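Give the three-dimensional model of this entry:
(chains A and B)
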Amino acid sequence: MNLSLIDWAIVVVYLAGCMTAGIWMRRFVRGVEDFAVAGRAMDVNLGIASLAATELGLVTIMYTAQLGYEKGFAGATIGVIMALAMYLVGRTGFVIKPLRQAGVMTIPELFERRFGKGVRWAAGLFVVLGGVLNMGIFLRLGGEFLINVTGMPKDSHALEWVMTGLLGLVLIYTVMGGMLSVLVTDYLQFIVMGLGIVVTSVLVIHHMGWNALVTQLWMCWDGTAAGVGQTLKSHPFNPFDKTNFGWPYIVWQLAFQIAVVTTWQTQISRVLASKNEQTARRMYSRTAFYFVGRFALPGLWGAAALVYFSFNGGLPAGLDSLTAMPAFLSTILPVGLIGIVIAGMLAAEMSTDSGYLLTWATVIYNDLISPCVKRPLAPRTRLLITRALVLAIGVFLVFFGLWYKLPGNAWDYLAVTGSIYLASVFTLLVAGLYWRRATAAGAYAALVLGAVGPLTFLAVNLVVPKEKQISPEVAGAAAFGLAFAGMICGSLLTRPARPDLMTEVAK
Amino acid sequence: MIDLFVMFWTVMIFTSVFWYGFLLFYVGVKGGKEIKEMTKTLERRADEEKK
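Numbering: from 1, shown residues only, chains lettered A, B, ... in the order given. Predicted coordinates for the structure are as follows:
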């Protein structure tokens, strides 16, 4: 193990602080509204902390570092695009303003007002499937980081036990205090995580030397370093270069990230918990630049790991582009600081897990169970059911994401479920909020076609050779195109049920 | 080898480090006050409901 007594002490103090704050918030929970959207009493800075902490998980750090390892600094381009999307949506209020004005607890709830109960239920199912399946990989990827940084034995079940314990702690305070606990613990985790990220980034730059890092990264790409060869296949700085992302992918990402920031339920749940729409918009525009660092700083660690291993005998056996970054950090972090960094990364994992658990439990209760209940349930019963759902999702994730190994390529399933979710729900949201002529038939057509597209691409890519496979930008754009085509054709072929529904949505 | 892309990423990475450091203090102080305010609001609502 790479941890000293002082490192352990830092980690234990952090965990104890989080648990105390999370459990303390339980006293303020009086009903589902407090539990799910914090009584809509959240102000802008707390919103920034919560949004940033939830959307920057250990899984994010792992895959953005992997982008840095494989694509150099240019791997952070997606972060720049996402920041632009956040800023634009915050400034214009596109989707989030009418959504917050509607006073709903989830996105599918809005669909019921606009398209009817059936669409709400179907969209709720898409949201839950896409969200929970995506969350399935969080625990394992987060565990990989901890195993490699701390030097825990890889052949035992240490990863599974550590992550099960961590999720257990998250479940305790999330089940008790819901969004109120999540907000307060997110705030603490934002501070600890931010400290860990800043400390690590400064150490990486200090250890490598900025000019040396830039020069050696270039040498990894052009293969001019003696005895090193070309260890980087993508241009390290130019994202438009055909060896890096390239133009088509970047243009596609511009549209895709607008859909992500207006549709992804964990982000939207912060909009819905805001005091009002102005708070939600300010939270978005002020958090925007945080998303550049979300990709650029772990990307810096990944790029530094590539340079370090390239110039020090190559990547050791058992490591790959995903695990290179934590292994590199374990070699440069001194005693005392490694505790702060691990506490920061635990904070990143816990804030994401708690936010996601609560969000999907709220959608299951609000949009799948509630519409099927004939008589309204007592507030106590509703609260009990939502708490039980948080617990059930947690238990499911432990087995699905940790102890059970998915057959085949898990990433394909996740990409497909994510595409189905985003294409369908984004189409319904935009049409529901901005197109008077949209009808329930159009909504069903968008849901079906938004799902058929990604599933077809998955099937085609399974049978055709790699060089003929459909690229992500083509598959993604086609999924959105099909969903929008379904909405337009379905709506134009049918009559709107009630012409006044559009104004009712915002009430 | 100093090109525009290298300069762009240098600015992005260093600004991100400073921005994260700044937010630690700014959101740390302001967010703490907002938590106090939020708990007071929730307590007040609970009292009003009891009455």
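
Closest residue of the stretch 151-300 of chain A to chain B?
Closest approach between the stretch 151-300 of chain A and chain B, counting by CB to the nearest CB: A:Gly293, at 3.4 Å. Every C-beta, even on glycine, is put in place using the N, C-alpha and C of the backbone.

Ok, the stretch 301-450 of chain A next?
Nearest residue of the stretch 301-450 of chain A to chain B (CB to the nearest CB) works out as A:Ala303 at 9.5 Å.

Now do the same for the closest residue to that residue other than its chain neighbours: helix, strand or coil?
When the adjacent residues along the chain are set aside, A:Ala303 lies closest to A:Gly68, with 4.3 Å between them (CB to CB, 6 or more residues apart in numbering or on different chains). State at A:Gly68, reduced to three classes by DSSP: H, G, I helix; E, B strand; the rest coil: helix.

From chain B, how far out is A:Gly68?
With distances taken as CB to the nearest CB, to the nearest Å, A:Gly68 is found 10 Å from chain B.

about what we covered before: any idea which element the residue lying closest to the residue of the stretch 151-300 of chain A closest to chain B once chain neighbours are set aside lies in?
Residue nearest to A:Gly293 in three dimensions, not counting chain neighbours: B:Ser16, with 3.4 Å by CB to CB, 6+ apart. Using DSSP states H and E, B:Ser16 sits in helix B:4-50.

is it true that A:Ile338 touches A:Asp7?
Yes - between A:Ile338 and A:Asp7 there is a contact at 5.2 Å, judged by CB atoms under 8 Å.

how close does the residue nearest the centre of chain A sit to A:Gly293?
With distances taken as CA atoms, centre = their mean, A:Glu55 lies nearest the centre of chain A, 5.1 Å away. Counting by CB to CB, to the nearest Å, the separation of A:Glu55 from A:Gly293 is 12 Å.

Repeat that for A:Leu146.
Distance of A:Leu146 to A:Gly293, given as CB to CB: 22 Å.

Between the two, which is the more surrounded one?
A:Gly293 (30 against 20; other CB atoms under 10 Å in any protein chain shown).

tell me, how many neighbours does A:Thr381 end up with?
In terms of burial, A:Thr381 registers 12 neighbours under the definition other CB under 10 Å.

for whichever strand or helix holds A:Thr362, packing partners?
With the criterion set as DSSP H and E, the secondary-structure element containing A:Thr362 is helix A:337-363. Taking 3 or more CB pairs under 8 Å, 6 or more residues apart in numbering or on different chains; DSSP states H and E as contact, the helices and strands that helix A:337-363 lies on are helix A:5-24, helix A:44-55, helix A:58-71, helix A:117-135, helix A:138-150, helix A:158-208, helix A:265-273, helix A:379-397.

Tabulate those helices (JSON lines), appending mean pLDDT.
As requested, the helices and strands packed on helix A:337-363 are arranged in JSON lines below (pLDDT from 0 to 100):
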{"stretch": "helix A:5-24", "mean pLDDT": "86"}
{"stretch": "helix A:44-55", "mean pLDDT": "82"}
{"stretch": "helix A:58-71", "mean pLDDT": "88"}
{"stretch": "helix A:117-135", "mean pLDDT": "85"}
{"stretch": "helix A:138-150", "mean pLDDT": "78"}
{"stretch": "helix A:158-208", "mean pLDDT": "87"}
{"stretch": "helix A:265-273", "mean pLDDT": "83"}
{"stretch": "helix A:379-397", "mean pLDDT": "87"}
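
most packed of those?
With neighbours defined as mean count of other CB atoms under 10 Å in any protein chain shown, the helices and strands packed on helix A:337-363 peak in mean count at helix A:44-55, which reaches a mean of 27.

Summarise which helices and strands that one is packed against.
Using 3+ CB pairs under 8 Å, 6+ apart as the contact test, the elements touching helix A:44-55 are helix A:158-208, helix A:265-273, helix A:277-287, helix A:290-310, helix A:337-363, helix B:4-50.
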